[in-house]
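A.B. asks: task: produce atomic coordinates for the following.
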Amino acid sequence: MLSALLFNRFRLSGRFALFFTIFFAPSVATIAQPLNEAKAGPSAFTAKLINIEAATNEVFRYSTTLHNGTKKQAIYELKAALPAGWVVSYKVEGSQVTSLNMDAGKSQEIAVEINASANASPKKYNIPLKAVSADDTLLLNLEAVVKGSYGVAMSTPSGRLSEEVSSGGHKDIQLEVKNTGTLALNDLELSSQLPSGWEVRFEPGKISKLEAGKSVAVTAFLKVPDKTIAGDYAATFSLSGANANTQLAFRMFVKTSLLSGWIGILVIVLAIGSVYYLIRKYGRR
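C.D. replies: As a prediction, the model looks like this:
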């Protein structure tokens, strides 16, 4: 009887062990694996994307990861070999850094931002980055493809940036918008900053596409409200797009209208006539 009871208990224990192995062992292994991976593997400097394309006035942004696979704490200094006029910055959690103090087996994400020089030629540039510690040098080769440049300018055909307008009058100002870059510009919109009560309408008010090196004529129809005091006023015309924008400061001199001038003279004449009449009438008494 005792031997049969022990035998039954042994069979139950074996079944429990088999059940545990089938259903729970994989979960335990899955939980333990990331913990082992966090400390395993050699030191490395890697990036999610090593090749990025952008214009010269755009930022090349790379998402990189630095891993200290050694068994001791290490300080890594970040370095880059850049073309002349290029600038690089390293950011960790939004703060700019030049070196990192990393514990053993730890990894750190680093945002790398590279600005090309304004005169960089359209082509592919190799950007070697290094993370240098006392015992090791980790190399990461990035590629920056400069596809061209965006640029826009706005002026007048004559270059003159001042105009005269009468109080309560209108003025048509001719503007010229030019694509000064090597890439086409899309969806450019015109706007203005004017004194209170002033109005302006642009024709055209939006430029859907402007090829590199091309220009387009724009007319600004400006209206000055009545009773505007004579003097100098500043008007700013703005051009904005997804890749380029510019502003043009204009000086407007408001003068009194001819009708207002004649009305003023008439008022003065009437005033003098009234005084003369009063003197003639009451001066003899």
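
A.B. asks: just confirm residue 272 is within a helix.
C.D. replies: Yes - looking at residue 272 with DSSP: H, G, I helix; E, B strand; the rest coil, it is inside a helix.

A.B. asks: gap between it and residue 256?
C.D. replies: 20 Å (C-beta to C-beta, to the nearest Å). C-beta coordinates here come from the backbone N, C-alpha and C atoms, glycine included.

A.B. asks: so which of those two has more stuff around it?
C.D. replies: residue 256 (15 against 10; other C-beta atoms under 10 Å).

A.B. asks: which residue packs closest to the more buried one, ignoring adjacent ones?
C.D. replies: Closest residue to residue 256 apart from its sequence neighbours, by C-beta to C-beta, 6 or more residues apart in numbering: residue 230 at 5.2 Å.

A.B. asks: tell me the bridge partners for residue 44.
C.D. replies: Here residue 44 sits in beta bridges with residue 67, as judged by DSSP bridges.

A.B. asks: contacts only, for it.
C.D. replies: Neighbour list for residue 44: 65-67, 69, 138 [criterion: C-beta atoms under 8 Å, 6 or more residues apart in numbering].

A.B. asks: top of those by neighbour count?
C.D. replies: residue 66 (23 neighbours).

A.B. asks: how many neighbours does residue 53 have?
C.D. replies: A count of neighbours around residue 53, defined by other C-beta under 10 Å, yields 12.

A.B. asks: which neighbouring elements make contact with the helix or strand encompassing it?
C.D. replies: Assigned by DSSP states H and E, residue 53 falls within strand 51-54. Contact partners of strand 51-54 among helices and strands, from 3 or more C-beta pairs under 8 Å, 6 or more residues apart in numbering; DSSP states H and E: strand 59-67, strand 137-146.

A.B. asks: pull out the buried residues from that strand.
C.D. replies: Burial within strand 51-54, assessed by neighbour count using 16 or more other C-beta atoms under 10 Å, is assigned to 52, 54.

A.B. asks: who touches stretch 92-106?
C.D. replies: Contacts of stretch 92-106 (C-beta under 8 Å, 6+ apart): 38-40, 66-78, 89-91, 108-111, 131.

A.B. asks: return the distance of that stretch from the chain's centre.
C.D. replies: Centre-to-centre, stretch 92-106 and its host chain are 26 Å apart (C-alpha atoms, centre = their mean, to the nearest Å).

A.B. asks: ok, now stretch 91-108?
C.D. replies: On the basis of C-alpha atoms, centre = their mean, stretch 91-108 sits 26 Å off its chain's mean C-alpha point.

A.B. asks: rounded mean pLDDT for it, please.
C.D. replies: Mean pLDDT, stretch 91-108: 96.

A.B. asks: and the end-to-end length of it?
C.D. replies: End-to-end distance of stretch 91-108: 11 Å, with C-alpha to C-alpha, to the nearest Å as the criterion.

A.B. asks: just the buried residues of it, please?
C.D. replies: In terms of neighbour count (16+ other C-beta under 10 Å), stretch 91-108 has its buried residues at 100, 102, 105, 108.

A.B. asks: from residue 56, how far off is the nearest residue in space to residue 117 that is not next to it in sequence?
C.D. replies: Nearest residue to residue 117 in three dimensions, chain neighbours excluded: residue 85, at 3.0 Å (C-beta to C-beta, 6+ apart). Plainly put, residue 85 is 10 Å away from residue 56 if you go by C-beta to C-beta.

A.B. asks: so which of these two has more stuff around it?
C.D. replies: residue 56 (21 against 11).

A.B. asks: low-confidence stretches in the protein?
C.D. replies: Residue ranges of the chain with pLDDT under 70: 1-40, 257-267, 269-270, 273-278, 280-285.

A.B. asks: tell me how it divides into domains.
C.D. replies: 44-146, 152-255 (automatic domain parsing).

A.B. asks: could those go into CSV alongside distance to residue 279?
C.D. replies: Below are these laid out as CSV (distance: least, C-beta to C-beta, whole Å):
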stretch, distance to residue 279
domain 44-146, 75
domain 152-255, 33
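
A.B. asks: got a list of what the residue nearest to the spatial centre of the chain touches?
C.D. replies: With distances taken as C-alpha atoms, centre = their mean, the residue of the chain nearest its centroid is residue 58 (8.0 Å). By C-beta under 8 Å, 6+ apart, the contact set of residue 58 is 150, 243.

A.B. asks: who touches stretch 244-255?
C.D. replies: By C-beta under 8 Å, 6+ apart, stretch 244-255 touches 57, 150-155, 161-167, 171, 173, 175, 181, 185, 188, 222, 224, 228-239.
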